[in-house]
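Novice: Generate coordinates for the sequence data below:
(one chain, ligands or ions: 2)
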Amino acid sequence: MRSEHLPLFGIEQAKNRTVYRLFSSSIFVCISATWVYRMIYVPERGDSMRWTWILLFAAELWFALFWVLSQSFRWNRVRRYTFIDRLSHRFEDKLPGVDIFVCTADPTIEPPLMVINTVLFLMAYDYPPEKLSVYLSDDGGSVLTFYALLEASHFSKHWLPFCKKFNIEPRSPAAYFANISDSISQSTEFQSIKKLYDEMEHRIETATKFGRVSDEIRAQHKGFSEWDSVSSPRDHQTIVQILVDGRDPRVLDTEGSPLPTLAYLSREKRPNHHHNFKAGSMNALIRVSGNISNGSIILNVDCDMYSNNSKSVRDALCFLMDEEKGHEIAYVQYPQCFNNVTKNDIYGSSMRIIREVDFPGLDGHGGPAYVGTGCFHRRETLCGNKYVEGRKFEWKRGFVRREGTVSELEETSKSLADCSYEKGTQWGNEMGLLYGCPVEDVITGLSIQCRGWKSAFSDQKE
Ligand SMILES: O=c1ccn([C@@H]2O[C@H](COP(=O)(O)OP(=O)(O)O[C@H]3O[C@H](CO)[C@@H](O)[C@H](O)[C@H]3O)[C@@H](O)[C@H]2O)c(=O)[nH]1
Ligand SMILES: [Mn+2]
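Specialist: Ligands and ions are numbered 1, 2, ... in the order given. Have a look, this model is predicted:
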């Protein structure tokens with residue numbers, strides 16, 4: 001086979017599939033045994049226990065139906081693997097633009113320092129920076145979050161070269177500094193980056209503690225003036241600020257490499273207008289990013305996350321860009337893990353079951369649900385496109401830069417995030433994330449699958 005025909009990803013049976021099937025069958029035998037027991041020992045007519053017995057039997061049948069349905073998608077567990085080197089070899093200069101959305105809603109529950117740690121690992125992804133844009137949506141409309149993001153834009157000029165030079169993982173500064181070996185912590189480069197981080201942390205914590213940003217800091221950026229007219233988090237105009245313009249040849253990190261674009265968005269909020277929670281902010285992000293960078297791939301993460309693999313973007317693209325099967329896949333979902341579960345996971349390992357059993361199983365049947373974070377979408381499919389058999393995506397167009405100065409882009413973006421923009425449109429219904437459901441992510445994923453698309457689950461742990 002010529003190298004351009006080698007697939008970018010493969011699928012294999014998950015490990016221990018037979019063991020799981022044996023386990024599952026043994027449970028089915030036990031369930032059947034309880035039915036036999038219920039049928040043999042039904043109390044006689046007139047016995048007061050008779051109806052209780054029959055009702056219990058009905059409940060057990062109902063439970064068994066639920067159990068059989070859930071086994072049906074656990075039966076064919078699969079595992080996917082990718083060939084990132086083939087992707088780089090064939091597509092390095094045609095890689096698409098990737099727009100990354102981070103959502104935050106409240107500076108007290110979601111401290112600005114945590115939010116910018118998420119932003120910083122995203123900026124440090126191993127991907128051409130001129131094709132990467134990170135957007136922070138702040139539903140809290142908080143000047144503290146904006147200030148922290150401004151600090152992050154300065155710190156990223158040191159952090160990104162550090163990550164690249166030492167090839168570190170994970171690239172969230174807080175997570176990285178929390179698990180450091182003694183040998184690394186002796187190096188001068190480590191000590192100087194740690195010092196910069198600690199100083200930034202101190203400034204952000206101070207501002208957070210006092211709940212305001214000093215006039216001295218306010219003078220550093222024109223964006224702060226937007227807060228002069230903000231009366232409350234639930235009543236303010238749209239704020240769009242591009243903090244790093246990746247197109248600007250003068251904006252470079254300390255090693256002279258370009259930086260990813262970084263933008264802050266706080267959509268308009270009015271007391272009499274329903275804002276539709278995260279789905280509403282995601283839809284505003286889709287439109288605003290479309291006006292600024294218009295990447296054809298969208299990654300969405302919650303503000304309290306980090307990725308443990310800096311190559312995730314490339315990994316996801318192996319699925320979406322594969323010439324043979326990629327055009328069927330609408331989104332690639334990654335698993336979630338939690339750092340703060342108890343040692344023995346007393347919550348019944350439910351997240352482990354999703355990661356190791358349910359999602360690999362769903363992946364063998366057309367793909368997993370979209371769970372709201374760690375998911376790469378195609379912009380087109382998120383905006384309502386239907387799957388058309390035989391239609392392939394054109395990557396050769398690659399990446400088109402938007403024209404216009406930063407202030408022009410900010411100005412034209414504002415109306416896209418206004419309360420009135422969606423009136424009389426299909427946003428929240430046929431386009432973007434769906435409204436009206438507390439799990440907007442799951443129903444959005446299902447509606448994408450109902451339009452004919454498949455999805456993929458990628459879990460790169462070994
Ligand atoms: O009005 C809102 C409310 C929430 N969020 C953000 O949405 C994310 C998820 O909200 P959270 O309250 O943390 O919900 P969880 O239950 O922890 O999140 C899971 O479940 C949600 C609903 O299914 C998904 O949206 C999330 O991605 C998924 O991680 C967070 O980053 C929030 O900042 C907003 O941007 N605006
Ligand atoms: Mn959460």
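Novice: In stretch 94-103, which residues are buried?
Specialist: Neighbour-count burial for stretch 94-103, counted by 16 or more other CB atoms under 10 Å, picks out Leu95, Pro96, Gly97, Val98, Asp99, Ile100, Phe101, Val102, Cys103. Bear in mind the C-beta positions are built from the backbone N, C-alpha and C, glycine included.
Novice: pretty sure the first one contacts Lys131?
Specialist: The reference is to Leu95. Yes. Between Leu95 and Lys131 there is a contact under CB atoms under 8 Å: 5.9 Å.
Novice: about what we covered before: can I get the buried residues of stretch 94-103 in TSV including distance to ligand 1 and pLDDT?
Specialist: Below are the buried residues of stretch 94-103 laid out as TSV (distance: CB to the nearest ligand atom, whole Å; pLDDT from 0 to 100):
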residue	distance to ligand 1	pLDDT
Leu95	26	96
Pro96	23	96
Gly97	23	96
Val98	18	98
Asp99	16	98
Ile100	13	98
Phe101	9	98
Val102	7	98
Cys103	3	98
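Novice: Which members of the residues you listed are the farthest-apart pair?
Specialist: Within those, Leu95 and Cys103 form the most distant pair, 25.1 Å apart (CB to CB).
Novice: In three-state terms, label the residue of the chain found nearest ligand 1 for me.
Specialist: Closest approach between the chain and ligand 1, counting by CB to the nearest ligand atom: Gly372, at 2.3 Å. Three-state assignment for Gly372 (DSSP: H, G, I helix; E, B strand; the rest coil): coil.
Novice: For the nearest residue to it once chain neighbours are set aside, pull up the helix or strand it's in.
Specialist: The shortest distance from Gly372 to any non-neighbouring residue, by CB to CB, 6 or more residues apart in numbering, is to Asp441 (3.3 Å). Per DSSP states H and E: Asp441 is located in helix 440-450.
Novice: Remind me what the helix or strand following that helix packs against, helices and strands.
Specialist: Past helix 440-450, further along toward the C-terminus, the next helix or strand under DSSP H and E is strand 454-457. Judged by 3 or more CB pairs under 8 Å, 6 or more residues apart in numbering; DSSP states H and E, strand 454-457 is in contact with strand 329-333, helix 359-363, helix 440-450.
Novice: List the contacts of strand 454-457.
Specialist: If you take CB atoms under 8 Å, 6 or more residues apart in numbering as the criterion, strand 454-457 is touched by 9, 80, 319, 328-335, 359-360, 362-363, 366-370, 445, 448-449.
Novice: Drop the exposed ones from the residues you listed and show what's left.
Specialist: The buried subset of the contacts of strand 454-457 - by 16+ other CB under 10 Å - is 9, 80, 319, 328-335, 359-360, 362-363, 367-370, 445, 448-449.
Novice: one step back: and the helix holding Asp441 with strand 329-333, angle?
Specialist: Put simply, helix 440-450 runs at 150 degrees to strand 329-333, going by axes from the mean of the first three to the mean of the last three CA atoms, to 10 degrees.
Novice: what about helix 440-450, near ligand 1?
Specialist: Yes. Using CB under 6 Å from any ligand atom, helix 440-450 reaches ligand 1 at Asp441.
Novice: Please list the outside residues in contact with that helix.
Specialist: Taking CB under 8 Å, 6+ apart as the rule, helix 440-450 contacts 277-279, 282, 330-331, 333, 366-373, 375, 381-382, 433-434, 437, 455.
Novice: Could you look up the next helix or strand downstream of whichever strand or helix holds Val115?
Specialist: Taking DSSP H and E as the criterion, Val115 maps to helix 112-123. Following helix 112-123 in sequence order, the next helix or strand is strand 132-138 (DSSP H and E).
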